Structure formats: C-alpha cells, structure tokens
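Asker: coordinates only, no sequence provided:
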C-alpha cells in the first residue's frame, strides 16, 4: 500500500530515505528549518571563498565501493563532484611529540607501521585483517543479502581497546590506531570495534574530497527528489508534534503551517523530536533512557584566509591530538588541555599559488559558551569573540609549531561556536556527531529507527553512527521498514 510520508530534516540520511521511498512509489514531503537543504552538507561563504559546514571528505567512494554504489543507486553520483585525496598522506595525525600519516591501502599502512614498529609487525597485520573482516561482515555496508550475524555481533561486542589489548598493542602504536576515533567522536575504550572498523575500512580503500562542496551533492538529491514527485519545504522549522493514542497525528511549524501524514520520520536529533512531542507523553523507562544518553564533544570552527598555503597540502587532512586521546571525547570530560583539532582546505583543487582558505575545527568544553546561550546580542559582544579566540589558542599554537609563520600568514578569519551549530544543525550541545555512540547505543541497543509511537521513526547518525556514510546507511536501513531491504541489498551487491 502506498503511503504519505512526512520527513523532518533534510540531512543526507533524510534525503537518502526520501529517494528510496519515492522510488518505491510513496509520496514524500520534507520539512527543513534552514533556508538551505542538506544538513551538514550545506556550505557558506566567507571572504569570497566557500567553506564546508561538516562534509569535509568521504571514504569508500572509489569504483565498486559502498558509498559510490549507493549514490549511483540513488541517482545522485557524478564523478566530477569529487577529487581524490593524497594517497600517501590522506590523514596526518600530529601528537605532542610524534606524527603518523595514514595512506590509502591496507598493505601500505601495514608496511609503514611495520617499518616504524618492527617488533609488532605481526600484530599490525592481524589488526588490519580484523578491520577488514569486521567491516565485510556488515550487510548494509558491503550490501550483502546473506551474512553471518554471529560474526557481525562478535565484532559489535568488542571495543577498539579490547582488540588492541588482545593483540598486545600499546604505546605509540596504540595511539596511532586510536587516532581515527576523532572521525566519529567516541573514545577507543567505548566505541564498538565493529562500527569503528567500517570507518577505517572506508578510508583505507578510498578517500575523496568535494570539488564543489557538499552542497553540490545536496543539490543533486533535491533535484532527484523533485523529479520523483517529492516535495521539499525550506524555512519550515518544526516546533510541535501532536500525538493521540500512541499515534502521531500532526506536525506544526513555527511559521504557522501544519502537516499530517500516514508515517512520520525524523532525521533530526532524537532529543529534539521527543521534546516536540512532550516529555510527559513518553513512557517513563524510555524518558529516563533518552535523558541519560551522553552527547559527543561540542565543536567550534575557524575559517581563515592565508596569504599562501605554507606547504599545507589541499588534498590532505591534518589532525592535532594529545598523546593519550582516551579522555578527549565525552562532553563532560573535555577541556582545553586535552583538546583535539582538525584542519583542511575546502579548496581541494588549489594549485599552490594565491590566497588559501583553511577550515579549522576544535573540540571545546561543553559549557564554554553557555553564558551566551539564547542571547541575540552575542555576535556583537566583544567577550564572545574573545572566548572564541581563547578556545582556539591551544590549537593555533600547535599550528604555528607545525607550519612556520602560520599566524602571520592569516589575512582574514571568522569563527563559529557550538552555539552556531545548535542554531543551524540543532543538537543539545552543538556537537557535530550528536549522541555519544558508545556500546550502549550500538547494535540491538541502538535508539531507533522504531519508536514507541506506531507511525514515528528515526533516521540519521543518531540512530546508527556518525558521518556521511553512516547517516546514508541509516537512511537505507530506515527505508527497509517500508520498502523491504533485501531486494535493494541484492541490487547494490550485484548490479553496480
């Protein structure tokens, strides 16, 4: 039976879900609070340059690989939208007193790490084999209709640190293998090795940046949705959800409009969704669980224009880490002394001359900007600007150490705080990663897609795992409740 669907939010998970539902013949309307679609895909301009909100690069996009496959299936893949990143130094991690640069390819990283840690050569090979075996055990990653659930569950039940301990990996090597946890925001002590392995595999096999920003992919999704008869309403911020007898009956927006549908799917932060319903409408056990879920670390951003690139490779990503990152992720543990940061150029096609744009992101304590919450005057408050500059001091110091003359080369800069994130991509603390996805939110313990309201479902990174790939797979998984997923997996596995 064909149904009417109302989707709240237009991040990549919602857009994926919308296309899949429309392809199956359903009717779809999307409500987006912003004047731009795409969630963390959308971009903005500063000083004449385009900057990405959150979609800095993607893995598994090479020929025949999962992300390219699903984008092709959805009809939104165009090779010209992407640029391959630096094979030799795609992700460079700088610790307090050493560094390591991940390359594309399992064998290349095994070789490099074995050269650096010859006594642990066997353990290094075993680690990457476990990553590959684990990643390939997930049916919605490598799109397998038939799979061994026991293998997948085994990897889900282990943490990354469990695996490192079992292999007797410690010291600097352990920190290098833990470092990519910054890409999902969960401590190696808490993250499921199974879901971590998907991220590692995706960047081992292929890494690409956006040639024209993530907004280009969002535009292609919107075009496809409209071609299929779907509707996207921008500047429609939901502020109330009516429920009656365990059923959602209507959704209301701040602009006075309201909408009814057969099925409702929320692609925004679940805590916001259930606030729209009202905490008193929730079952006590669920309300307690929801409110006890931790959030991942808040982020702040600096968007700078450099006189030149200072030998910063536009096709590489740079990360700055404490020597021990295990306590740098939960929002109640984070300070400026255990901060981690990221920088990359949004201009991936830069040709080594002229002005050079750089996006810089840093984690920050969750209450650092609480003084300005709800203030309409914070933008003009000099203390607010001073606070943003202060939170970046540790990271800028490290950038100056790594790239000589860094501060002197800056000719323009602009900042965002976690309050900016909360406004444009709402989450309780301005985190880009949403929920803190420890093992209590993994596998069968994850929140969603089903809720205890019969016609309300969840999609997005909070109901699966952070990142563009994780959110896209979440959209695929949620669609399966209405379209069936096995046929899609079969086509993805065999056709493309």
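Answerer: Structure's in. What do you need? Since we're looking at a predicted model, the values are computed, not measured.
Asker: isn't residue 404 right next to residue 310, touching?
Answerer: Yes - with contacts counted by C-beta atoms under 8 Å, residue 404 reaches residue 310, the gap being 7.4 Å. Just so you know, the C-beta spots here come from the backbone N, C-alpha and C atoms, and that holds for glycine as well.
Asker: spell out which residues make up each domain of this structure.
Answerer: As given by automatic domain parsing, the domain ranges for the chain are 4-43+213-293+435-494, 105-208, 295-424.
Asker: quick one, what contacts residue 416?
Answerer: Residue 416 makes contact with 300-303, 388, according to C-beta atoms under 8 Å, 6 or more residues apart in numbering.
Asker: ok, now residue 162?
Answerer: Taking C-beta under 8 Å, 6+ apart, one finds residue 193 in contact with residue 162.
Asker: report the separation between it and residue 247.
Answerer: 42 Å (C-beta to C-beta, to the nearest Å).
Asker: so how many other residues sit close to residue 284?
Answerer: When neighbours are defined as other C-beta atoms under 10 Å, residue 284 has 7 of them.
Asker: give me every residue that touches the residue lying closest to residue 74 once chain neighbours are set aside.
Answerer: By the measure of C-beta to C-beta, 6 or more residues apart in numbering, the closest residue to residue 74 outside its immediate chain neighbours is residue 19, 4.8 Å from it. Counting by C-beta under 8 Å, 6+ apart, residue 19 touches 74-76, 221, 224-225, 228, 230.
Asker: again, only using 10 Å
Answerer: 28, 73-76, 221, 224-225, 227-228, 230, 475, 479 (C-beta atoms under 10 Å, 6 or more residues apart in numbering).
Asker: three-state assignment of residue 271?
Answerer: The three-state label given to residue 271 by DSSP: H, G, I helix; E, B strand; the rest coil is helix.
Asker: low pLDDT regions in the stretch 201-350 of the chain?
Answerer: Low-confidence segments of the stretch 201-350 of the chain, defined by pLDDT under 70: 331.
Asker: picking that back up, and residue 64, which of the domains of the chain is closest to it?
Answerer: domain 105-208 (9.6 Å; C-beta to C-beta).
Asker: just the terminal-to-terminal distance for that closest one.
Answerer: End-to-end distance of domain 105-208: 14 Å, with C-alpha to C-alpha, to the nearest Å as the criterion.
Asker: rewinding a little: can you tell me which of the contacts of residue 19 are in helices?
Answerer: Using DSSP state H, 73-74, 221, 224-225, 227, 475, 479 are the members of the contacts of residue 19 that sit in helices.
Asker: filter these down to the buried ones.
Answerer: Applying 16 or more other C-beta atoms under 10 Å to these, the neighbour count classes 73-74, 221, 224-225, 475, 479 as buried.
Asker: is it possible to get JSON lines of these that adds distance to residue 86?
Answerer: Compiled in JSON lines, these are given as follows (distance: C-beta to C-beta, whole Å):
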{"residue": "73", "distance to residue 86": "29"}
{"residue": "74", "distance to residue 86": "28"}
{"residue": "221", "distance to residue 86": "28"}
{"residue": "224", "distance to residue 86": "31"}
{"residue": "225", "distance to residue 86": "34"}
{"residue": "475", "distance to residue 86": "30"}
{"residue": "479", "distance to residue 86": "35"}
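Asker: among the residues you listed, which one lies nearest to residue 98?
Answerer: residue 475 (39.2 Å).
Asker: the residue most central in space within the chain: what's it in contact with?
Answerer: Centroid-nearest residue in the chain: residue 467, 2.4 Å away (criterion: C-alpha atoms, centre = their mean). Residue 467 makes contact with 12, 40, 54-55, 58-59, 183-185, 198-199, 202, 432-433, 461, 473, according to C-beta under 10 Å, 6+ apart.
Asker: tell me which of the residues you listed has the lowest pLDDT.
Answerer: Lowest pLDDT among the contacts of residue 467: residue 432, with 83.
Asker: most surrounded residue in the contacts of residue 416?
Answerer: In terms of neighbours by other C-beta under 10 Å, these top out with residue 300 at 26 neighbours.
Asker: tell me if that residue really is in a helix.
Answerer: No - looking at residue 300 with three-state DSSP, it is strand, so not inside a helix.
Asker: quick check: it vs residue 419, distance?
Answerer: From residue 300 to residue 419 the distance is 9 Å (C-beta to C-beta).
Asker: quick one: common contacting residues for the two?
Answerer: What both residue 300 and residue 419 touch, as defined by C-beta under 10 Å, 6+ apart, is the set 368-369, 430.
Asker: what's the closest of those residues to residue 351?
Answerer: residue 430 (34.9 Å).
Asker: ignoring the adjacent residues along the chain, who's closest to the closest one?
Answerer: Using C-beta to C-beta, 6+ apart, the closest residue to residue 430 is residue 418 (2.7 Å).
Asker: tell me, how many residues neighbour that neighbour?
Answerer: Using other C-beta under 10 Å, residue 418 has 27 neighbouring residues.
Asker: hang on, it packs against residue 424?
Answerer: No - using C-beta atoms under 10 Å, residue 418 is not in contact with residue 424, being 11.3 Å away.
Asker: shared neighbours, those two?
Answerer: Joint contacts of residue 418 and residue 424 (C-beta under 10 Å, 6+ apart) are residue 430.
Asker: packing partners for the helix or strand where residue 358 lies?
Answerer: Using DSSP states H and E, residue 358 maps to strand 356-363. Contact partners of strand 356-363 among helices and strands, from 3 or more C-beta pairs under 10 Å, 6 or more residues apart in numbering; DSSP states H and E: strand 49-52, strand 299-306, strand 317-320, strand 341-344, helix 382-402, helix 406-409, strand 410-416.
Asker: okay, angle between it and strand 410-416 too, please.
Answerer: 40 degrees (axes from the mean of the first three to the mean of the last three C-alpha atoms, to 10 degrees).
Asker: buried sites along the helix or strand where residue 155 lies?
Answerer: According to DSSP H and E, residue 155 maps onto helix 149-156. Along helix 149-156, these residues count as buried under the neighbour rule (16+ other C-beta under 10 Å): 152, 155-156.
Asker: for residue 407, which non-adjacent residue is closest in space?
Answerer: Closest to residue 407 by C-beta to C-beta, 6+ apart is residue 400, at 5.6 Å.
Asker: give me the pLDDT value at residue 359.
Answerer: 97.
Asker: go on, the one 4 residues further on?
Answerer: Per-residue pLDDT puts residue 363 at 91.
Asker: that one - how many residues pack around it?
Answerer: Close neighbours of residue 363, defined as other C-beta under 10 Å, add up to 28.
Asker: who does it bridge with?
Answerer: Residue 363 has these beta-bridge partners by DSSP bridges: residue 299.
Asker: so residue 395 touches residue 336, yeah?
Answerer: Yes - between residue 395 and residue 336 there is a contact under C-beta under 10 Å: 9.2 Å.
Asker: what do those two both touch?
Answerer: Common neighbours of residue 395 and residue 336 (C-beta under 10 Å, 6+ apart) are 362-363.
Asker: related to what we said a few turns ago, quick one: which of residue 404 and residue 310 has more around it?
Answerer: More crowded of residue 404 and residue 310, by other C-beta under 10 Å: residue 310, with 16 against 10.
Asker: so who does residue 472 touch?
Answerer: 11-13, 15-17, 58, 66-67, 70-71, 74, 140, 461, 464.
Asker: among those residues, which lie within helices?
Answerer: Using DSSP H, those in helices are 12-13, 15-17, 66-67, 70-71, 74.
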